Structures are given as structure tokens and as C-alpha cells.
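J.: The following comprises the amino acid sequence and a computationally predicted model.
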Amino acid sequence: PLALQQATAYVRDKYLEDSQAIQKYLVKFSKSEKELLNDSRFQQETDAYSLTTLTTWNITLKRIRDLELGEDGHRLRPRNCAICWLRSSGGPANKLIRQLSFLNPDRISLEFLHAVVPESEESLKLLEKFSMIAVTQHGGVLIHRLVQKVVRLNLSGREETAAVRRIVEEIGRASCRERV
């Protein structure tokens, strides 16, 4: 299952040399689960599978944020720290996953993504490393529908509008290029 892949990727990245890796992850999982249960956006997700999956993704998204914003000395690019990565303008991986959350999860063109988020190459690698997306051999990207849902639930109406506007603008530019 995807949540297990993500948990494994997280443990390998965060606790590579730590003999207490699983115990530490479980503590983090329990804390994250309690946060989700107290968050009104996620309270309708009451079955055990959904809650487990959402909790794992929440932990994974926070780890990606920490890596991208430079925590643990793994700075990809200089960034101002944001309180909540998905609710901030964030870095390239944030922008990329926002765009992905509004696209067809099974048929996303890499060429299109590079046009919408020009600095997307490192971000694609980071998101793929944690199994948030899969990059296909045929130049496409796949994202799980529930990952899209989690990302969209964390966006304000203004942020949703900005993400969708950016996609529509790029579709319009692509249509104009094809006509020329």
C-alpha cells in the first residue's frame, strides 16, 4: 500500500542510522493522528484506513516541507521558513504538488508541469522519493487521488483559485503555441 511505502521512505530518510527508528515514527504518527482528529477538515474521515493514510501523508508532507525549507541541513534552495508549508507560497515542491492536486491524477505531462512550475525537476525527485507521486517511463506523472484531496483540503479558497488560474493560463499558452 502507498501509505506503507511513504512511511518506509520517511523512516529511511529521517532515521537512517537510528536503531529506534520505528518507535520514533510511531510516536510521530500518534501525534499527527491526534492533530488530524482535532482538525475539522478531516473529521469526516473516520474509518481506520482513511485516518491511517491521511496521517501518513501528513507526516510525509511535513518531512518534504522540512527538507525543502532547509531543516536538518538538507537545504535545496534558500527559503524563508513558513509555519505551514501547504498554506504558504512555499518552495517549488509546494507549488508543484498544489498544481498536481487539480490535474487528472493519471495523465499529467512532464512537459506541461515544467511549463507550469519551471523549477520542478528537483521537486519531482523529492516528491517521488517519498512516494507522493510516480514518474512514468513515458514522460508522465501519477498522483494518488487521496493525496490530491489532502493537498486541496489544506488550501484556502484564494490559494485554490491561484493554483487553478496558473493551470488555466498555461493551458491557454500551450493552445496558442500549437496554433502557431
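T.: Nice, I can see it. Numbering: from 1, shown residues only.

J.: Please enumerate the helices of the chain.
T.: Ranges of helices in the chain, per DSSP state H, are 2-14, 21-37, 48-69, 92-100, 110-116, 120-129, 145-153, 157-179.

J.: these two touch, right, Thr136 and Leu142?
T.: Yes. Counting by CB atoms under 8 Å, Thr136 does reach Leu142; the two are 6.6 Å apart. C-betas here are computed from N, CA, C, even on glycine.

J.: pull the CA atoms of the helix or strand of the chain with the lowest mean pLDDT into PDB?
T.: Ranking every helix and strand in the chain by mean pLDDT, DSSP states H and E puts helix 48-69 at the bottom, with a mean of 79. Below are the C-alpha coordinates for helix 48-69, written out as PDB (Å, rounded to 0.1, in the frame of the first residue of the first chain):
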ATOM      1  CA  ALA A  48      -9.400   3.400  10.200                       C
ATOM      2  CA  TYR A  49      -7.900   3.100   6.600                       C
ATOM      3  CA  SER A  50      -8.600   6.800   5.700                       C
ATOM      4  CA  LEU A  51      -7.300   8.000   9.000                       C
ATOM      5  CA  THR A  52      -4.100   5.900   8.800                       C
ATOM      6  CA  THR A  53      -3.500   7.000   5.200                       C
ATOM      7  CA  LEU A  54      -4.100  10.700   5.900                       C
ATOM      8  CA  THR A  55      -1.900  10.600   9.000                       C
ATOM      9  CA  THR A  56       1.000   9.000   7.000                       C
ATOM     10  CA  TRP A  57       0.600  11.600   4.200                       C
ATOM     11  CA  ASN A  58       0.500  14.400   6.700                       C
ATOM     12  CA  ILE A  59       3.800  13.200   8.200                       C
ATOM     13  CA  THR A  60       5.300  12.800   4.700                       C
ATOM     14  CA  LEU A  61       4.200  16.300   3.500                       C
ATOM     15  CA  LYS A  62       5.700  17.800   6.700                       C
ATOM     16  CA  ARG A  63       9.000  16.000   6.000                       C
ATOM     17  CA  ILE A  64       9.100  17.200   2.400                       C
ATOM     18  CA  ARG A  65       8.500  20.700   3.700                       C
ATOM     19  CA  ASP A  66      11.300  20.400   6.300                       C
ATOM     20  CA  LEU A  67      13.700  19.200   3.600                       C
ATOM     21  CA  GLU A  68      12.700  21.900   1.200                       C
ATOM     22  CA  LEU A  69      12.900  24.700   3.700                       C
END
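
J.: buried residues in that helix?
T.: Neighbour counts over helix 48-69 (16 or more other CB atoms under 10 Å) mark 52-65, 67-69 as buried.

J.: Next: stretch 92-112.
T.: So, applying 16+ other CB under 10 Å, buried residues of stretch 92-112: 92-103, 105, 108-110, 112.
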